[in-house]
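*Asks:* Could you look at this predicted model? Sequence included:
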Amino acid sequence: MLDDAKPPQTRPLVAVDNLKMHFPIYGGLLRRRTGEVKAVDGISFDIFEGETLGLVGESGCGKSTVGRALLRLYELTDGTVKIDDYDIAHASPEALRKMRPTMQMIFQDPQASLNPRMTVADIIGEPLREHDAGSKLEREDRVLELMDQVGLNRDFANRYPHEFSGGQRQRIGIARALALNPKFIVCDEPIAALDVSIQAQVVNLLEELQDSLGLTYLFISHDLSMVRHIADRVAVMYLGRIVELAPREDIYAEPLHPYTIALLSAVPEPDPSIDAKVERVILTGDVPSPSNPPEGCNFCTRCPSVMDVCRRVEPTFQELRPGRYVACHLFEDTANNTSESAANGAG
Amino acid sequence: MKLRTALMGAAAIMAAAPAFADGHEGERGRDGQLNIIYWQAPSTLNPYLSGGTKEVESASLVLESLGRFDNNGELVPWLAADIPTVENGGVAEDLTSITWTLKEGVMWSDGTPLTAADAVFTWQYCTDPAGGCAQASYFDGVEQVEAVDDRTIKITFNAPKPFPYTALVGAESPIIQAAQFADCLGANAPTCTDANFGPIGTGPFVVTEFKANDVIQFAANENFREAGKPAFSTVLFKGGGDAAAAARSVLETGEFDYAWNLQIDPTVLSDMASKGKGTVVTAFGTSVERLHINQSNPDPALGDARATIEEPHPFLTDTRIGQAMSMAIDRALLVEVGYGAGGQVTCNVLPAPAVYASTANDGCKTQDIAGANALLDEAGIVDSNGDGIREKDGIPLKVLYQTSTNAVRQDTQALVKQWWSEIGIEAELRNIDASVFFGGDPASPDTFQKFFADVEMYTNNFAGVDPEAYMANWRCSEIPSPATQWQGANMQRFCDPAYDALVDKLAQTAGIDARAAIVKEMNDMLMASYSIIPLIHRGGVSAHANSLGGIQISDWDSELWNIKDWYRAGE
Amino acid sequence: MFTFTLRRLILTIPTLLFISFVIFMIVKLSPSDPTGNLPLTIPPEVREQIREALGANDTLLVQYGRWLEQFFWIEPRVYLERSFGWDLGTEGEIRLLSYQTRSPVMDLIMQRMPQTLWVVGVAYLVGIAIALPIGVISAYRQYSVFDQVGTFVSMVGFSVPPFFSGVVVIVIFSVLISTDSMFWLPSVYDTTHQVTDWESFKYQFRQMIMPVMVLALQITAQISRFTRASMLDNLNQDYVRTARAKGVRERTVVLLHVLRNSMIPVVTVIALGIPSIFGGAIITEQVFKVNGLGQLLIIAIQGGDVPTVQTLTFIFAILIVLFNLIADVLYGILDPRIRYD
């Protein structure tokens, strides 16, 4: 049940350019800054209005950091993030606060993301209050309306989050995110903490809301089948960088980057006859530490098709053909010979 | 060492302040408030319910007795018109009764007259068996106290009493008001909290507020018999903290005028005194820090016979060993390290009053390790197996040396241990919490009476000026044993029939010179037995502000015995 | 919640009885003697008489039974009589008497209470008032200079005992500073001082400064570290991120979302610390001669005053049990996730 409608290729709602997010490491006697974790190390992409961009990768690759950095829940190390043509990376705190209603987030752990000492009505209503949306009565109406919208019983408005099931809590989180009529929502593994039976309900709810409200999603997940289901385009991350970005059909049909190939080969295929034919690519070794990434290509330590150049030169993230981006030396000689020869000349 | 020059006999006073009233006269209460700090706070103002020094001394501002001992240990008439003696007919020829006459016109602070009936009541109060009177020993041997008339008190003894000045004399047995304590006899004593906390007295001050173990406020007694006294209108008597803090509050911060019992490191105290705000004063009484050398065998293998006189000590009964142990000790250094102005070298268990002090043993004042070694060598007590410890009859001279937990005592122990090791005697040190050591609990193995050790050290003294009862401590019958539930004062288990005979003789001898001769003989006998080794004659150390005058610190009575004469010297 | 509280209250009765028995046995079986502190000049027969008069020679069970009767039956009636003027027939009954002072223990405790509550209580409040902002800011600006300094001060507060810090401040403010200076502070707390006007209030304030500050340093150290840790736990929670994502003001995020959740464990720790106020601060009270409950206890222990030690420790036990219950109930009130039914 894949979406037929191609995303309307309109203007980019979110434009990310060379985003870097490095976290300091403190150590030593005086807790001085001794190093940094390069959680996100220079990535660029756009998200178009009304589309769903899936962001996939292993745990710890930095995908959640991207989601949070996009909403500037972190202070960015470098780069720009434009949402609706407004550079939120450099906005003042007050200007940023005014921007908040357009962009919202749904968190992975619905339990932890809801303040345990506030009732559902307070949680959903707080953004309305903070942004002075209407009178008290209007706000109450809006809260109940939102609860209807996400399929929560209105009678539960005065209950506390711990009294709900996981799926219901995620609905509360969604209702809260919708309260201010956002345009863009970062869904940070919104279903990872839920039972499989509930996952589908929540994903369907997200899709329905997208249709009815015209939302734009960044859907962060490690679940490739779920991303295939919901996303229009898919970005694959490895160790703080995007290695491949392509429309969904293309990437699942013909993955280019060796990491993407390995990742997709691990997805179970519902049809056993096909499943048997798929050749599994098993990656050996561990993901290198993001505080001390390898020289050259980040993936060089585990890549099955590693070449000499990979260990020296960082591949560039380039558009191989319209809509298909990849960062790999395997494709680089056709696109850009000069950089390699330059590197060779130097070496 | 320098202090040697200050030795002026047992009752030496080291007061830099003018010791005698220098024309400070005026109306009562002219000098405002007097601040006194006793770092151990009084828990009651009834000295009969608590025998502690702090209670006795604080109560002495209010309650008075027939006679008090001055700073020279001499008895002066207080509530009595004069001191009864055999010569003036106040004491019966056969020494079995004494008749006191009260001063005329003495009033209680509530305005009622003091009568002989109050004295009789006081005797009844303290001798009621259910009352648990802490000063009952002052009435020992008293058969009857009667009021001959309003001002005449006759005390009859059940046997001749050569020294009859115990009952109703001194700070420990003052006269309390019959009217106030009438309902407080015997078992009812503790129910009279108001009376115990605020006794009505004849003294220079009256209690205005009493907080147990904390603070007392006094005001001048408007009915006090002497005009123009006391000079202070109020007294704040604060308790709590520790000795060092009390010393600091007088000598450094000047918040208090008088601080009591400052047993702290002598160098710290002299540093504080050098600030120029106050003066340290010492009063020497009869306290002697001494070693008891166990004459019985404390070996646990003896079971019930352990530390009893039936089992003599394997080597400490040899006086040559005791003598060597005594010779090895540098008493002057002990004074310098631990006591400063508060101690003097002594070679007698009875160093004061001066008339009783023997000079026969003064040889111990100088340390003589070589002499001690020679003495032991001569006695054939030598180190035969080369381990540095001498043996007597094959038994190594190893002693267990115990005392109460106290920094000065532990310093002393360490020094003595070192000196003894130089003469081939090994000491194992042990210290026991004071409340256990002195607690007298028959169930505890660690009391000073049980003396389950070879050597023990502590201070003892006697109150008042007459040593009769004190010297009787070393009778054979005073030896603690299981038969007496380990009660008794003869800790070192010294037993000599000749000594017991002297005790009996003293009890029948009147006249100070004759008595003194006997007492000196007894003292010398004890010294020669080397069952007791005196170390330091200890004094009470106090400090007062330089602006305070009239202080005559005494260890024979309450330190505050003459507080009625204190005054504020002009700046 | 009500049934829970009631059930817990009923359960405390056997607990407390057991505690009282254990305390009694510990106090009684430890080697101490009410006459142990008396001068050696008092002969053993007199000591025996004193012990007899105190009732210290009865069998342990008789003594324990008498204590129970006095503490639970006579004393409450005496206090009821005093406060309401009723006559419950306590005339002639022997109240719970202290060995040392021969006066009712409860009266002593009531007399000491004000000093202790004033000094230790105020120190507790001051300590909390300083600790909370320090803890919050330290956590919010983790590893900043403020946090480092706060950590250092807390470590100092933890590790420097009051018998040292107390004497240091006395030497500075009472000895080195001249008595005439306005910065001079009294080193001896005057428990008889009464506040009647502005001048006497100023004196009371001055004499409280040193003991309160010495105590507050320790309290601040503890609670600020606890607040910091609790704040850090909560600052990294998703709901804080949610609140920021909502566009909630930073102040609101910290004060409303983080602080309120962080306070749950802190409040209970504060509640659990309250019995220690009543316990007084034994050392600090000694150093400044405040002579509150702590000093009463230590003097009673030294003097072998069994009834006072027993009563004081038992009252502390009651308070500890009670404030544990209060802390549990507070937890239930503050944290909607916890319900006792």
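*Replies:* Done, it's in.

*Asks:* Need the CA coordinates for the helix or strand hosting residue B:218. PDB is fine.
*Replies:* Residue B:218 belongs to strand B:215-220 when assigned by DSSP states H and E. Extracted in PDB, the C-alpha atoms of strand B:215-220 (Å, rounded to 0.1, in the frame of the first residue of the first chain):
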ATOM      1  CA  VAL B 215      22.500  29.200  82.200                       C
ATOM      2  CA  ILE B 216      21.700  30.800  85.500                       C
ATOM      3  CA  GLN B 217      20.900  34.400  86.200                       C
ATOM      4  CA  PHE B 218      21.400  35.800  89.700                       C
ATOM      5  CA  ALA B 219      20.600  39.200  91.100                       C
ATOM      6  CA  ALA B 220      22.000  40.900  94.200                       C
END
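
*Asks:* Quick one: list the elements packing against that strand.
*Replies:* strand B:205-211, strand B:234-239 (3 or more C-beta pairs under 8 Å, 6 or more residues apart in numbering or on different chains; DSSP states H and E). Where C-beta positions appear, they are placed from N, C-alpha and C, glycine not excepted.

*Asks:* and the angle for the longest one with strand B:215-220?
*Replies:* Inter-element angle recorded for strand B:205-211 and strand B:215-220: 160 degrees (by axes from the mean of the first three to the mean of the last three C-alpha atoms, to 10 degrees).

*Asks:* The nearest residue to residue A:52 once chain neighbours are set aside: how many residues sit nearby?
*Replies:* Distances taken as C-beta to C-beta, 6 or more residues apart in numbering or on different chains place residue A:217 nearest to residue A:52, at 4.3 Å, with adjacent residues excluded. Neighbour count for residue A:217, taken as other C-beta atoms under 10 Å in any protein chain shown: 24.

*Asks:* what does residue B:480 give?
*Replies:* 26.

*Asks:* What of residue A:136?
*Replies:* 10.

*Asks:* Same question for residue C:88.
*Replies:* Residue C:88: 13 neighbours (other C-beta under 10 Å).

*Asks:* Flag the shaky bits of chain B, pLDDT-wise.
*Replies:* B:1-24, B:440, B:570-571 (pLDDT under 70).

*Asks:* hey, where'd the helices end up in the stretch 151-300 of chain A?
*Replies:* A:166-178, A:196-213, A:224-230, A:248-253, A:258-265, A:272-277 (DSSP state H, counting those that start in this stretch).

*Asks:* Could you export these as a markdown table, including mean pLDDT and mean neighbour count?
*Replies:* Formatted as a markdown table, the helices of the stretch 151-300 of chain A follow (pLDDT from 0 to 100; neighbours: other C-beta atoms under 10 Å in any protein chain shown):
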| stretch | mean pLDDT | mean neighbour count |
| --- | --- | --- |
| helix A:166-178 | 89 | 24 |
| helix A:196-213 | 89 | 15 |
| helix A:224-230 | 88 | 20 |
| helix A:248-253 | 90 | 18 |
| helix A:258-265 | 89 | 20 |
| helix A:272-277 | 67 | 9 |
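
*Asks:* Quick one: end-to-end length of stretch A:104-121, please.
*Replies:* 18 Å (C-alpha to C-alpha, to the nearest Å).

*Asks:* So that stretch, near chain C or not?
*Replies:* Yes. Counting by C-beta under 8 Å from any C-beta of the partner chain, chain C has neighbours in stretch A:104-121: A:104-105, A:107-109, A:112-117.

*Asks:* Contacts for stretch A:189-200 next, please.
*Replies:* A:64, A:106-111, A:165-167, A:170, A:173-174, A:202-203, A:206, A:219-223, A:226 (C-beta atoms under 8 Å, 6 or more residues apart in numbering or on different chains).

*Asks:* Give the bridge partners for the residue nearest to residue A:52, please.
*Replies:* residue A:52, residue A:185 (DSSP bridges).

*Asks:* ok, now residue B:290?
*Replies:* Counting by DSSP bridges, the residues bridging with residue B:290 are residue B:458, residue B:534.

*Asks:* any idea how far chain C is from it?
*Replies:* As judged by C-beta to the nearest C-beta, to the nearest Å, residue B:290 and chain C stand 12 Å apart.

*Asks:* what sits against that residue?
*Replies:* Applying C-beta under 8 Å, 6+ apart, the residues near residue B:290 are B:349, B:457-460, B:532-535.

*Asks:* helices or strands next to the helix or strand hosting residue B:544 in the packing?
*Replies:* Assigned by DSSP H and E, residue B:544 belongs to strand B:532-545. Contacts defined by 3+ C-beta pairs under 8 Å, 6+ apart place strand B:532-545 against helix B:243-251, strand B:258-259, helix B:266-273, strand B:278-293, helix B:319-327, helix B:331-334, strand B:343-345.

*Asks:* burial of residue B:166, as a residue count?
*Replies:* Residues near residue B:166, counting by other C-beta under 10 Å: 25.

*Asks:* was I right about it contacting residue B:140?
*Replies:* Yes. Using C-beta atoms under 8 Å, residue B:166 is in contact with residue B:140, at 7.3 Å.

*Asks:* that older thread, which one, of the helices and strands packed on strand B:215-220, ends up nearest to residue C:63?
*Replies:* strand B:205-211 (27.3 Å; C-beta to C-beta).

*Asks:* where in the stretch 1-150 of chain C is pLDDT low?
*Replies:* C:31.

*Asks:* Give me the three-state assignment for the residue in it that chain A sits nearest to.
*Replies:* Using C-beta to the nearest C-beta, the closest approach of the stretch 1-150 of chain C to chain A is made by residue C:143 at 4.9 Å. Following DSSP: H, G, I helix; E, B strand; the rest coil, residue C:143 is assigned to coil.

*Asks:* So which elements touch the helix ranked longest in chain B?
*Replies:* In chain B, assigned by DSSP state H, the helix with the most residues is helix B:512-529. Of the remaining helices and strands, those touching helix B:512-529 by 3+ C-beta pairs under 8 Å, 6+ apart are helix B:319-327, helix B:468-471, helix B:497-507.

*Asks:* looking at the ones you listed, which is buried most?
*Replies:* Comparing the helices and strands packed on helix B:512-529 by mean neighbour count (mean count of other C-beta atoms under 10 Å in any protein chain shown), helix B:319-327 comes out on top with a mean of 22.

*Asks:* Spell out for me which residue occupies the centre of chain A.
*Replies:* residue A:220 (3.4 Å; C-alpha atoms, centre = their mean).

*Asks:* And whichever residue of chain A sits closest to chain B, how far from residue C:148?
*Replies:* Here chain A gets closest to chain B at one residue, residue A:29, 37.6 Å apart by C-beta to the nearest C-beta. With distances taken as C-beta to C-beta, to the nearest Å, residue A:29 is found 11 Å from residue C:148.

*Asks:* Which of these two has more residues huddled nearby?
*Replies:* residue C:148 (15 against 5).

*Asks:* give me phi/psi at the closest residue to chain A within the stretch 301-450 of chain B?
*Replies:* Among all residues of the stretch 301-450 of chain B, residue B:407 sits closest to chain A, at 38.1 Å; criterion: C-beta to the nearest C-beta. Residue B:407 adopts backbone torsions of phi -60, psi -40, taken as degrees, to the nearest 10.
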